[in-house]
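A.B. asks: compute the structure for the input listed below.
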Amino acid sequence: MQLSEEQYWLFASNGSTHELQEVMQLSIRNQLKLEHIDAVAYSGANDNTLIVLTCTSSDIQQGMNLLYATKSTAHIQLEQFIRTNVTAGNSSITGYGIGGALGLYYGATMDGLTGVVFDAPGISKLLSQTELDNLSICNIIGTNSLLPTIGRHPNNVRFADLPEKTEHKFAFDSAGNVRLGKPSELFRNMEKISSFDLGHNRKVRTLVQLISGIKDQNLSIAVDDDVYFYYALHQLDMNGIVQAIPDILNHYSFVLHQILTDWRVSVQEMLNNVADRQAEPLVQHSVLVSQHITEFTKSFYEDIESLMTIVMLQSMNRHIGLEKLESTMSKFAAELEERMIDTTNQLSQMLETIIMKKLEIRDNRLRNSSVQSKSIVEKK
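C.D. replies: Coordinates of the predicted model:
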C-alpha cells in the first residue's frame, strides 16, 4: 500500500484518518484487542492491506514486557492475526512506540511486510542476523524522543527534525516525507553503551545501579533490564554522582581486593604444584596481575567519565555541568591512582615476603642436607 510517511504517521498515532480512509478507499477488515495492545487491519484496492499496531498502556515497563515476551499468548495471537491479514497484494504495517517496535519485530520475522514505524525502541537483541537482514521497515525517530534510547537498533533508522509547531511530533515536507534531523546526544551515547560487548555493558549498567542508589534489587535482573537502565540513568544528576563517589571508590576497592585475593590463591597453587618452586614464574604472574589492575583502573575511570558526560549532556546548564565534570574527574583520578598504587605495593610486598620465605626454606633445606651429609661421613 503506497502511503506517504505523513499518512503512516496519522494511522500510527491514532490521528484523524476518516478522510484518509475515504480517499484511499480503505475499510476495516479485522480487529484484535488484547491486554495492552490493539491491532487493526485495513483493506484497500488491489488486495492491499495496512496493519496498525497500538500499545494501549502508558506504562513503558508493561509495554517492554509485552515486546520482549515473544513466546507469550499475546505474541502468538498477534502473529496469527498478522499472518491471517497479510494478503497477496502489498501488505504494510505501522505503529508508534511499543506498537512500532512490534511492527519491526513482525516485519523481521515474517515475509511480505513493508511499512514505516515511529519512535520504536531498539529490538536487535530479539532478532537473529537472518531476521535483521530480512527487515525492510523504517523506524523514524524524533530528535528529542526518549523511548528509542532503549535497546540497540538495526540499521534502518532515520531521524526526524523537530516541527515548528510544538503540538506536532514530526515535521513533514510538502510531499509528506519527514524532514530529516540528527540523533540527539543522549541517543548517540546510549547507542554507544548498547554496542559495548556483554562484559563491558554489564559493567556500565552495574555502575549506573550503584550511582543511582537503588537498593534491594536483584543485580542479575536489574543489570539486564533495558527499562530499569533507562529509568536509572535518567534519575542521575551531577550532584548525585558526586555524592556517590565514596560508594563508587568502595566498589573499586572491593574489586581490587578480589583481584588480590585471586592472586594469593593462584600463587599458593603455584607453590604447591611447582616442584622446584622457582621465583621467576611467581614474578611473571604478579607482573601480569599488576597490569590487570592498571587496565581495570583505566577502564573504570573511563566508564565513570562516560556516565558523567551523559548526565552533563542531559543537564540544563551544560557549562556548569562541564566544570563540575572536569573538577570531579580530576579528584577521582587522583584517588583511583592512590588506591591502585597502594594495592600494587601490597602485591609487591607480599610477593617479596613469599620469595624471601621460599629462599629461607631452601637455605634451611640445604643446611639440613649438609648437616646430614656430614653426619653420614662422620659415621663412616
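A.B. asks: and Gln356, how far is that from Val86?
C.D. replies: Not Gln; residue 356 is Met. 77 Å (Cβ to Cβ, to the nearest Å). Using the backbone N, CA and C atoms, a C-beta is placed for each residue, glycine as well.
A.B. asks: these two: which has the busier surroundings?
C.D. replies: Val86 (19 against 11; other Cβ atoms under 10 Å).
A.B. asks: now do the contacts for the more buried one.
C.D. replies: Contact partners of Val86, counting by Cβ atoms under 8 Å, 6 or more residues apart in numbering, are 49, 110, 112-113.
A.B. asks: secondary structure, distance to Val204 and pLDDT for those - can I get that in JSON lines?
C.D. replies: Formatted as JSON lines, these follow (DSSP: H, G, I helix; E, B strand; the rest coil; distance: Cβ to Cβ, whole Å; pLDDT from 0 to 100):
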{"residue": "Thr49", "secondary structure": "strand", "distance to Val204": "42", "pLDDT": "92"}
{"residue": "Met110", "secondary structure": "coil", "distance to Val204": "34", "pLDDT": "92"}
{"residue": "Gly112", "secondary structure": "coil", "distance to Val204": "39", "pLDDT": "86"}
{"residue": "Leu113", "secondary structure": "strand", "distance to Val204": "34", "pLDDT": "92"}
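A.B. asks: let's have those residues in TSV, adding neighbour count and distance to Ile123.
C.D. replies: Below are those laid out as TSV (neighbours: other Cβ atoms under 10 Å; distance: Cβ to Cβ, whole Å):
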residue	neighbour count	distance to Ile123
Thr49	24	22
Met110	16	14
Gly112	14	19
Leu113	23	14
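A.B. asks: tabulate those residues (TSV), appending distance to Val255.
C.D. replies: TSV is the format used below for the contacts of Val86 (distance: Cβ to Cβ, whole Å):
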residue	distance to Val255
Thr49	55
Met110	46
Gly112	51
Leu113	47
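A.B. asks: tell me the two of these that are most distant?
C.D. replies: Thr49 and Met110 (12.6 Å; Cβ to Cβ).
A.B. asks: how near is Ser58 to Ala120?
C.D. replies: Distance from Ser58 to Ala120, by Cβ to Cβ: 16 Å.
A.B. asks: more neighbours: the two, which one.
C.D. replies: Between Ser58 and Ala120, counting by other Cβ under 10 Å, Ala120 is the more crowded of the two (30 against 9).
A.B. asks: ok, Ser145 to Asn345 distance?
C.D. replies: Distance from Ser145 to Asn345, by Cβ to Cβ: 50 Å.
A.B. asks: neighbour count winner among these two?
C.D. replies: Under the neighbour definition other Cβ under 10 Å, Ser145 and Asn345 were set side by side, and Ser145 has more, 22 against 10.
A.B. asks: which residues touch that one?
C.D. replies: So Ser145 contacts Asp119 (Cβ under 8 Å, 6+ apart).
A.B. asks: how deep is Asp226 tucked in, by neighbour count?
C.D. replies: 21.
A.B. asks: separation between it and Arg152?
C.D. replies: 9 Å.
A.B. asks: mind telling me what element Arg29 is part of?
C.D. replies: Element membership for Arg29, per DSSP states H and E: strand 27-34.
A.B. asks: show me the strands in the stretch 151-300 of the chain, by range?
C.D. replies: In the stretch 151-300 of the chain, the segments counted as strands under DSSP state E, counting those that start in this stretch are 157-160.
A.B. asks: where does it dip in pLDDT?
C.D. replies: 165-168, 195-201, 213-225, 227-228, 230-231, 235, 273-278 (pLDDT under 70).
A.B. asks: helix or strand for Gly100, which one?
C.D. replies: Counting by DSSP H and E, Gly100 is found in helix 98-109.
A.B. asks: next one: that helix to chain centre, how far?
C.D. replies: Chain-centre distance of helix 98-109: 20 Å, with Cα atoms, centre = their mean, to the nearest Å.
A.B. asks: do me a favour and average the pLDDT over that helix.
C.D. replies: The average of the pLDDT scores along helix 98-109 is 95.
A.B. asks: what angle do helix 98-109 and the helix or strand just after it make with each other?
C.D. replies: Following helix 98-109 in sequence order, the next helix or strand is strand 113-118 (DSSP H and E). Orientation note: strand 113-118 sits at an angle of 150 degrees relative to helix 98-109 (axes from the mean of the first three to the mean of the last three Cα atoms, to 10 degrees).
A.B. asks: okay then, goodbye and thanks.
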